[in-house]
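Asker: Please find the sequence and the predicted model below.
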Amino acid sequence: MSIIVAGKLTIKSNFRDEFIEKSRQAILLARNDDACDDFSVSPDPVDLNRVNIFEKWKTRQALDAFRESGPENDMFSLVESFDVTEYDINT
């Protein structure tokens, strides 16, 4: 089984680039984790306040462990709203 995390974040006006930059450390940590198949935080090409999220993890335990140990910063203070869903995928 795999876990897919996908969706969008609405970022406060004029803070999208800062949010992307603050995400860089988490992206690198996740991609270096053997249990992570993919991890991306990317700016939407049309909506200047939107960031798209995609993650693929091998197990729920790996995703939970990453969330508990990820880098600490104030990046979520830049988020106005979340529309992100987790999917359990049987492979």
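Answerer: Okay, I see it. Numbering: from 1, shown residues only.
Asker: got any ranges where the protein has weak pLDDT?
Answerer: For the chain, the stretches with pLDDT under 70 are 70-73.
Asker: what about the strands in it?
Answerer: Using DSSP state E, the strands of the chain run over residues 2-11, 36-43, 50-57, 79-89.
Asker: Bridging across strands, which residues link to Thr85?
Answerer: Beta bridges link Thr85 to Ala6 when assigned by DSSP bridges.
Asker: Report the central residue of the protein.
Answerer: Nearest to the mean C-alpha position of the chain, counting by CA atoms, centre = their mean, stands Ile53 at 4.8 Å.
Asker: right, and that residue touches Ile11 too?
Answerer: No - using CB atoms under 8 Å, Ile53 is not in contact with Ile11; the gap is 11.5 Å. Where you see a C-beta, it was placed from the backbone N, CA and C, and this is true even at glycine.
Asker: so which of the strands of the chain gets nearest Leu29?
Answerer: strand 36-43 (8.6 Å; CB to CB).
Asker: and that closest one with strand 2-11, angle?
Answerer: With axes from the mean of the first three to the mean of the last three CA atoms, to 10 degrees defining the directions, strand 36-43 sits at 10 degrees from strand 2-11.
Asker: State the number of residues packed around Phe39.
Answerer: Residues near Phe39, counting by other CB atoms under 10 Å, number 21.
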